[in-house]
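**Q** Take a look and give me a structure for this.
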Amino acid sequence: QVQLVESGGGLVEAGGSLRLSCVASGSIWRINAASWYRQAPGNQRELVAAVDSGGTSNYGDSVKGRFTISRDDAKNTVYLQMNSLKPEDTAVYYCNAGLTYYSRDKYWTGDYWGQGTQVTVSS
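**A** Residues are numbered from 1 along each chain as shown. Predicted coordinates for the structure are as follows:
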């Protein structure tokens, strides 16, 4: 079964750091573009950071200079390093990725979401 699983969330004080991981499992051939989104209670889901298959990244304005997205294709993993965290960064963080995988003698591509991981930043 192809899926994305996030980890690394938790409770941290303002100014602290966390690193989120998103692992693609199953018969993965490659991760194509990947993104991190977040959603706080009462808010719409917003794009935090994205990276394409060539490693080019872009960020939401609120996290530029503080967050870094990266990928390790050998491990089928995408990371989000979050530094200088603020209380307004509190949200559930979701990984989204285009995955190419092998099943039933052919390659398939689909868009997948992880289950989310809670990040809480205390003031």
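**Q** Tell me what V78 is bridged to.
**A** C22, R71 (DSSP bridges).
**Q** Could you measure from it over to I31?
**A** To I31, V78 is 7 Å away according to CB to CB, to the nearest Å. The C-beta positions use only the backbone N, C-alpha and C, and glycine is treated the same way.
**Q** Tell me which of these two has more neighbours.
**A** Per other CB atoms under 10 Å, whichever of V78 and I31 has more neighbours is V78, with 29 against 25.
**Q** S70: how many residues sit nearby?
**A** Neighbour tally, S70, other CB under 10 Å: 14.
**Q** quick one: contacts for it?
**A** 51, 57, 78-79, 81 (CB atoms under 8 Å, 6 or more residues apart in numbering).
**Q** sorry, back to before: find the residues that touch each one of V78 and I31.
**A** 71, 97.
**Q** Format the contacts of S70 as TSV; extra columns: distance to L20 and pLDDT.
**A** Below are these laid out as TSV (distance: CB to CB, whole Å; pLDDT from 0 to 100):
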residue	distance to L20	pLDDT
V51	13	98
S57	15	97
V78	9	98
Y79	7	98
Q81	8	98
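**Q** Most neighbours among those, please name it.
**A** Busiest of the contacts of S70 [other CB under 10 Å] is V78, holding 29 neighbours.
**Q** The residue nearest to A33 when sequence neighbours are not counted and N43: what is the separation?
**A** Spatial nearest neighbour of A33, chain neighbours left out: D52 (4.8 Å); criterion: CB to CB, 6 or more residues apart in numbering. D52 sits 26 Å away from N43, going by CB to CB.
**Q** starting at the chain centroid, how far to stretch 94-104?
**A** The chain centre lies 14 Å from the centre of stretch 94-104; the measure is CA atoms, centre = their mean, to the nearest Å.
**Q** scratch that, stretch 14-25
**A** 8 Å.
**Q** what is the rounded mean pLDDT of it?
**A** The average pLDDT within stretch 14-25 is 97.
**Q** That's all I had, so thanks and see you.
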